[in-house]
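Student: Provided below for reference: sequence and predicted model.
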Amino acid sequence: SAPRPRRTTIARAWDALRDRDSLLRLGMCLIAIIGLLLVLEGWRAPFPYRTGQFSEHGIAARSDFVEPDIEETNRKKDEAERAVPLTFHHDSQPLTSLSEQLRADLGKITAVETLEALDESTKTAFGLGGRLPAKIREAAGAWTPKSVQESQMRFESLRRDLTAAGMETAQQRIDDIIGDFAQFIAPLSRTGNVDPEEIRKEWLSSDRKVRIIAKGGSAPPQEKLLSQVRLELQLNDAGELGKTWLSYPSLQPSIQPALCHWLVARASPTLRYDQKATRNEQAGARDKVQTVSIQYIAGDLIVRPGESVTPEAIRHLYVEYEAVDAGILPTTRMTRLAVLFAMIIVLSILTGYYAIHNEPRLVRNVGRLAVYLTAFVATAGIARLVSYDPLRAEIVPLLVVTMVLAIAYNQELALLTAFALSLLI
């Protein structure tokens, strides 16, 4: 009989395409190729720069781009935050009884002959003895006697001022002092005084602005400096209270230090810091600050010749990379995608040819082929993901899959796979 003609390669390929098992394997390969195009972002070039990379000729901007100036923006946000007045709520009720408290304490001084006979509470209030809480002691330090002798002299001066004209007129003298004192402290009812401990706790400086909100909205909000609501600063010569001493003749210089000490010791803070309201306003002020940007022109040097790429330069280069990528035309993206697709097809034919002739069990077994293709795509995706700063570990997944293939199959297949992955990553 006549010999049967040899079948051509095209004929054998056509027969393979008509075979369902062959079509299944080809379909799996096509899905893997599509997966590679996705995980490798085949439509865009990968970011090519890494921290520490040496640039002999420098790196210049390829196009115009605008980059946010993070440091300058944060500085302006901090300035806006510091400019927000601190919110305090003012309740003047604790001040209403101060005048009567002073009347009672002055009456106790006129009722005794010696300092030792005076009760401890009154001694402490006028700075004649006793021990104040630390925060009040610090605030009243300027008017606190430095020795027992000074305390004795202050007591004698106070008592002499009150009783110099005789006990009969002492009450009239106290009435005069109380009348002037009530007018003297009247500004406190409008502005209030802040707790020194609260200032220390919040690390607030005296030059900060405060917004004072009266209880119940009885008065419109007013803005002051923090120094203007600190009682010890209000009482000094330049303070809102201290500069009015001459307006009240009954409050003579000889008793002014004692009255200042008494007021600091007895006056309860009337201002309560509203941290939540302040934080909300500060957050709003920060949000209103416009982002400061730096304009780069194509050709501007981002990395100078002979220098290495720094983390700051990486930030600039990535913004430039995004700007360049945004300007790429769809046709250019499709061209790049087609080139990468063709490259993958060539690598697939090379690897497939080797597998068919040297590892037929990999091709014939659908499960083995699925595992191989999945491992290939996963390795490419993971390697691309970890190739950027700070990891730069693309070699790790590549080595792992290469060693596994060398153990499971042979070194030639492992090397061929590593070669294909290296080209793609």
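Tutor: Thanks, I have it.

Student: how about stretch 294-305 as PDB, C-alpha atoms only?
Tutor: The C-alpha coordinates for stretch 294-305 follow below in PDB (Å, rounded to 0.1, in the frame of the first residue of the first chain):
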ATOM      1  CA  ILE A 294       5.800  74.400  44.000                       C
ATOM      2  CA  GLN A 295       5.800  74.900  40.200                       C
ATOM      3  CA  TYR A 296       8.300  72.900  38.200                       C
ATOM      4  CA  ILE A 297       9.100  73.600  34.500                       C
ATOM      5  CA  ALA A 298      10.200  71.000  32.100                       C
ATOM      6  CA  GLY A 299      14.000  70.900  32.300                       C
ATOM      7  CA  ASP A 300      14.300  71.900  35.900                       C
ATOM      8  CA  LEU A 301      16.800  69.700  37.700                       C
ATOM      9  CA  ILE A 302      15.200  67.400  40.300                       C
ATOM     10  CA  VAL A 303      18.400  65.500  41.000                       C
ATOM     11  CA  ARG A 304      21.800  67.200  40.400                       C
ATOM     12  CA  PRO A 305      24.500  65.500  38.400                       C
END
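
Student: Quick check: mean pLDDT of it?
Tutor: The pLDDT scores in stretch 294-305 average 91.

Student: got the buried residues for that stretch?
Tutor: Buried residues in stretch 294-305, counted by 16 or more other CB atoms under 10 Å: 296, 302, 303. Where you see a C-beta, it was placed from the backbone N, CA and C, and this is true even at glycine.

Student: for stretch 133-145, same thing?
Tutor: 136, 139, 140, 143, 144, 145.

Student: before we move on, what about stretch 39-51?
Tutor: Using 16+ other CB under 10 Å as the test for burial, stretch 39-51 gives 39, 40, 42, 43, 49.

Student: so how far is that stretch from its chain's centroid?
Tutor: 31 Å (CA atoms, centre = their mean, to the nearest Å).

Student: same thing with stretch 374-388?
Tutor: Computed by CA atoms, centre = their mean, the chain-centroid distance of stretch 374-388 equals 34 Å.

Student: one step back: show me which of the buried residues of stretch 294-305 is closest to residue 353.
Tutor: residue 303 (44.0 Å; CB to CB).

Student: Skipping its backbone neighbours, what lies nearest the closest one in space?
Tutor: residue 59 (4.1 Å; CB to CB, 6 or more residues apart in numbering).

Student: next one: residue 44
Tutor: Residue 44 sits nearest to residue 325 (CB to CB, 6+ apart), 5.5 Å away.

Student: would you say that neighbour is within a strand?
Tutor: No. Residue 325: not assigned to a strand; according to DSSP: H, G, I helix; E, B strand; the rest coil it is helix.

Student: Quick check: it touching residue 47?
Tutor: No. At 9.2 Å, residue 325 and residue 47 do not qualify as touching, with contact defined as CB atoms under 8 Å.

Student: ok, back up a step: could you dump the buried residues of stretch 133-145 into a markdown table and include secondary structure?
Tutor: As requested, the buried residues of stretch 133-145 are exported to a markdown table (three-state DSSP):
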| residue | secondary structure |
| --- | --- |
| 136 | helix |
| 139 | helix |
| 140 | coil |
| 143 | helix |
| 144 | coil |
| 145 | coil |
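
Student: Closest to residue 289 out of these?
Tutor: Using CB to CB, the buried residues of stretch 133-145 come closest to residue 289 at residue 139, 36.4 Å.

Student: residue contacts, that closest one?
Tutor: By CB atoms under 8 Å, 6 or more residues apart in numbering, residue 139 lies in contact with 196, 230, 231, 232, 264.

Student: Can you give me the pLDDT of the third one?
Tutor: Right, the one you point to is residue 231. Value for residue 231, per-residue pLDDT: 88.

Student: Number of residues surrounding it?
Tutor: 24 (other CB atoms under 10 Å).

Student: need the contact list for it.
Tutor: Applying CB under 8 Å, 6+ apart, we find residue 231 in contact with 139, 188, 193, 194, 263, 264, 267.

Student: And the last one, how far from residue 189?
Tutor: Read that as residue 267. Distance, residue 267 to residue 189, using CB to CB, to the nearest Å: 11 Å.

Student: Likewise for the first one?
Tutor: Between residue 139 and residue 189 the distance, using CB to CB, works out to 20 Å.

Student: list the residues that contact both of residue 267 and residue 189?
Tutor: If you check residue 267 and residue 189 against CB under 8 Å, 6+ apart, the residues they both contact are residue 95.

Student: For the residue nearest to residue 293 when sequence neighbours are not counted, give the beta-bridge partners.
Tutor: Nearest residue to residue 293, sequence neighbours excluded (CB to CB, 6+ apart): residue 66, at 4.7 Å. With DSSP bridges applied, residue 66 shows beta-bridge pairing to residue 295.

Student: which stretches of the stretch 151-300 of the chain have low pLDDT?
Tutor: 165-168, 200-204, 218 (pLDDT under 70).

Student: What ranges does the stretch 101-250 of the chain have for its helices?
Tutor: 120-126, 134-139, 148-163, 167-184, 186-191, 196-202, 231-234 (DSSP state H, counting those that start in this stretch).

Student: could you redo those helices as TSV and give each row distance to residue 371?
Tutor: Below are the helices of the stretch 101-250 of the chain laid out as TSV (distance: least, CB to CB, whole Å):
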stretch	distance to residue 371
helix 120-126	86
helix 134-139	73
helix 148-163	93
helix 167-184	91
helix 186-191	79
helix 196-202	62
helix 231-234	78
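
Student: In what element of secondary structure is residue 253 found?
Tutor: Here residue 253, judged by DSSP states H and E, is contained in no helix and no strand.

Student: for it, phi and psi?
Tutor: Note on residue 253: its backbone torsions stand at phi -50, psi -30 [degrees, to the nearest 10].

Student: Equivalent analysis for residue 59, please.
Tutor: Torsion angles, degrees, to the nearest 10, at residue 59: phi -130, psi 120.

Student: quick thing: my sequence starts at 59, can you match it?
Tutor: Sure, I'll start numbering at 59, so the last one becomes residue 117.

Student: OK, contacts around it?
Tutor: 107, 359, 360, 361, 367, 371, 375.

Student: How many residues are close by the residue nearest to residue 102?
Tutor: Neighbour tally, residue 383, other CB under 10 Å: 13.

Student: Would you mind measuring from it to residue 99?
Tutor: 10 Å.

Student: now do residue 129
Tutor: Distance, residue 129 to residue 99, by CB to CB: 31 Å.

Student: same question, residue 215
Tutor: 87 Å.

Student: ok, now residue 321?
Tutor: 73 Å.
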